[in-house]
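# this is a predicted model, with the sequence first.
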Amino acid sequence: MIGYITLGTNNLGTAGAFYDALLDELGARRFLSDDRMIAWGTRPDAAIFVVCTPYDGESASAGNGTMVALNAGDEATVRALHKKALELGASNEGDPGPRGDDFFGAYFRDLDGNKICAYIMGGDA
């Protein structure tokens with residue numbers, strides 16, 4: 001159902017390096033870029049993750065209440081993504097752990113302040 005997610009950035013080079021390293025943990029690779037955007041994906045028919053400078057030329061800002069959730073597949077990968085994000089300079093928004101009966105997640109903000117969740121849901125949580 002989701003085709004792609006786009007987050008704004010004020011420094012495309014820094015954001016690109018951050019997400020190259022972070023999304024590598026999920027097997028995603030950079031496959032498209034130009035002077036104002038970079039896109040990553042795992043396969044042609046899967047959702048795409050994009051960072052870009054705003055089209056209107058104004059500064060990018062993190063939306064209040066906006067969050068992107070990355071399905072990590074298992075608890076170890078949730079922990080690894082959270083750890084990697086913090087190593088890359090992200091800020092902690094919630095340590096890895098259970099949230100209710102069927103959800104295990106961890107939260108951080110990227111270098112532009114965008115909120116990201118790494119999670120698993122269901123029987124593996």
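Yes, it's here. Numbers count the residues shown, from 1 in each chain.
# alpha carbons only for contacts and neighbour counts from here, please
Will do.
# need the contact list for Trp40.
23, 28-32, 48-50 (Cα atoms under 8 Å, 6 or more residues apart in numbering).
# meant to ask about Gly63
By Cα under 8 Å, 6+ apart, the residues touching Gly63 are Asn114.
# how near is it to Asp56?
Note on Gly63: its distance to Asp56, by Cα to Cα, to the nearest Å, is 16 Å.
# how about Gly73, phi and psi?
Dihedral pair for Gly73: phi 90, psi -40, per degrees, to the nearest 10.
# is it in contact with Ile120, as I believe?
Yes - using Cα atoms under 8 Å, Gly73 is in contact with Ile120, at 5.8 Å.
# three-state assignment of Tyr119?
strand (DSSP: H, G, I helix; E, B strand; the rest coil).
# wait, doesn't it sit right on Ala76?
No - distance between Tyr119 and Ala76: 10.2 Å, which falls outside the contact criterion (Cα under 8 Å).
# neighbour count: these two, which is higher?
For Tyr119 and Ala76, the more surrounded residue by other Cα atoms under 10 Å is Tyr119, and the numbers stand at 27 against 10.
# got the contact list for the more buried one?
Tyr119 makes contacts with 69-75, 78, 103-106, as judged by Cα under 8 Å, 6+ apart.
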